[in-house]
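# With the sequence up front, the predicted model follows.
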Amino acid sequence: MDRRSFIRNVAVTAAAGAAGFPVASHAADDIVVGSILDLSGGLDIYGRPMSDCLTLAMEEWNAHGGLLGKKLRIQSYDTQSSMQLYAQFAQQAALKDKVSVVHGGITSASREIIRPVLDRYKTLYFYECLYEGGVCDRNTFSIGVTPGQTVAKLVPYAMNKWGKKVYVLAADYNYGQITSQWVKKYVQDNGGSVASIDFFPLDVTNFAASIAKIQLAKPDFVVSALVGGSHISFYRQWAAAGMRAKVPLASTTFGLGNEQVVLSREESDGFLVAFNYFEELNNPANVQFKERFAKRFGANHSHLNAQAIGAYQGFHIWAQGVSKAGSVDQMKVIEALESGITFDGPGGKASVDAATHHCVLDVSLAEVQNRGFKIVQTFNAQPPSDTSAVCNLIKNPRDNKQYVIKI
């Protein structure tokens with residue numbers, strides 16, 4: 001395959017083409033990329049597909065000469081869903097293994113363990129999962145969607161479809177706590193009310209008491225911001241109680257762990273979600289990506305979701321930044337990324353917003369149908385409006401915190 005065919009087949013943008021995929025023999029010293037993800041444990045349903053997508057992106061670059069004439073190599077760390085191992089591996093990646101960048105973290109809690117370690121040791125960090133917004137850190141690039149991009153579309157659509165009284169269920173850590181407040185804001189902004197917000201630790205598997213509370217509250221629909229392998233129990237118990245047929249459900253997270261594949265149609269059909277990516281998206285870049293992924297990982301690979309594609313897109317965005325910078329030096333790559341990098345990938349166009357280090361992304365609403373998703377509406381080029389309200393790294397390049405945005 002020649003250079004032009006490769007660029008067409010991986011659907012990189014003109015910016016990537018200008019940067020180029022340099023064709024050269026591999027140098028002895030590889031460029032090492034750190035991957036710190038849950039490959040086992042309770043959150044491996046998210047981590048394993050992300051790791052596969054990082055691998056595919058790396059192999060695409062290596063097949064055409066690598067980066068800066070050097071071969072790319074992924075140093076993978078399995079955190080086993082342990083926050084202690086996140087801290088340990090972040091330090092190991094930066095100090096011992098001297099990686100050029102870390103792609104990693106799944107929950108916001110894990111991100112906020114990794115981020116200060118990599119800041120301290122000046123190792124570039126890419127976080128590629130959807131999250132609650134507000135991170136403002138020049139060393140960090142957040143590739144996933146935030147509530148201003150998805151919840152802002154999901155809640156009004158669901159209210160127009162089902163009604164104005166909402167009950168919220170959320171994971172009991174910063175993602176669920178903050179996202180639930182965004183849900184409440186958008187419900188109230190659209191003339192609705194929130195009957196209750198219930199929080200659950202990640203290891204909770206019994207939701208009987210909350211289902212009984214919801215039955216008494218009689219909401220028009222439920223919004224779920226539940227997370228992880230244990231919380232899938234809610235959807236089964238919800239259906240078993242006869243509630244799926246009575247009270248509709250929207251979710252900010254359902255499908256990121258391929259719950260729609262694990263559950264039966266009777267347990268999940270009709271749920272409403274909003275993400276940057278669905279495997280069912282019908283665009284040329286996604287069609288070609290799915291063909292390459294199936295060839296590499298087998299036709300029976302797990303359903304592809306937004307977290308996995310975030311990792312794929314994040315790797316390509318980072319690599320384009322390195323190519324444009326002509327170096328893996330932390331500050332040179334940051335400046336290159338801030339100068340304007342766009343990747344036209346499986347989820348549509350992803351453009352780095354220099355002020356927030358987040359991405360402008362396409363967002364789609366979809367309904368669960370027959371263990372997959374039916375796209376119902378797409379919104380192009382959605383900015384990270386929540387984070388941009390508190391973060392401007394062009395004006396304040398030394399800013400380094402996660403803001404709890406006033407809602």
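Received it, and whenever you're ready, just let me know what you need.
# Walk me through the domains of this protein.
3-146+279-362+381-402, 151-251 (automatic domain parsing).
# need the ones you listed in JSON lines with mean neighbour count, can you?
Yep, even glycine has a C-beta here, placed from its N, CA and C like the rest. Output for the domains of the chain, formatted as JSON lines (neighbours: other CB atoms under 10 Å):
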{"stretch": "domain 3-146+279-362+381-402", "mean neighbour count": "20"}
{"stretch": "domain 151-251", "mean neighbour count": "19"}
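# Mind putting the ones you listed into a markdown table with mean pLDDT?
A markdown table is the format used below for these (pLDDT from 0 to 100):
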| stretch | mean pLDDT |
| --- | --- |
| domain 3-146+279-362+381-402 | 90 |
| domain 151-251 | 96 |
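# Out of these, flag the one nearest residue 270.
domain 151-251 (6.4 Å; CB to CB).
# I figured residue 32 hits residue 97, correct?
Yes - contact status for residue 32 versus residue 97: in contact at 6.3 Å, counting by CB atoms under 8 Å.
# Next, show the common contact partners of the two.
residue 75 (CB atoms under 8 Å, 6 or more residues apart in numbering).
# Could you verify my assumption that residue 397 touches residue 137?
No - if you go by CB under 8 Å, residue 397 and residue 137 don't touch, sitting 10.3 Å apart.
# Mind listing residues that contact the strand or helix carrying residue 74?
Residue 74 is located in strand 72-78, with elements delineated by DSSP states H and E. Residues outside strand 72-78 that contact it (CB under 8 Å, 6+ apart): 30-40, 51, 54-55, 58, 61-62, 66, 85, 89, 92-93, 97, 99, 104, 319.
# Return the angle between stretch directions for the helix or strand following that strand and strand 72-78.
Using DSSP H and E, the next helix or strand after strand 72-78 towards the C-terminus is helix 83-91. Between the axes of helix 83-91 and strand 72-78, defined by axes from the mean of the first three to the mean of the last three CA atoms, to 10 degrees, the angle is 160 degrees.
# Show me what whichever helix or strand comes after helix 83-91 is in contact with.
Following helix 83-91 in sequence order, the next helix or strand is strand 101-104 (DSSP H and E). If you take CB under 8 Å, 6+ apart as the criterion, strand 101-104 is touched by 33-37, 54, 77, 86, 90, 93-94, 110, 114, 118, 123-128, 311, 314-315, 318, 328, 333.
# Return the list of helices and strands in contact with the next helix-or-strand element following strand 101-104.
Downstream of strand 101-104, the first helix or strand assigned by DSSP H and E is helix 108-120. Under the contact criterion of 3 or more CB pairs under 8 Å, 6 or more residues apart in numbering; DSSP states H and E, helix 108-120 touches helix 83-91, strand 101-104, strand 124-127, strand 135-137, strand 140-142, helix 174-189.
# The first one: how far from the chain's middle?
Read that as helix 83-91. 20 Å (CA atoms, centre = their mean, to the nearest Å).
# Quick check, central residue of this structure?
residue 129 (2.4 Å; CA atoms, centre = their mean).
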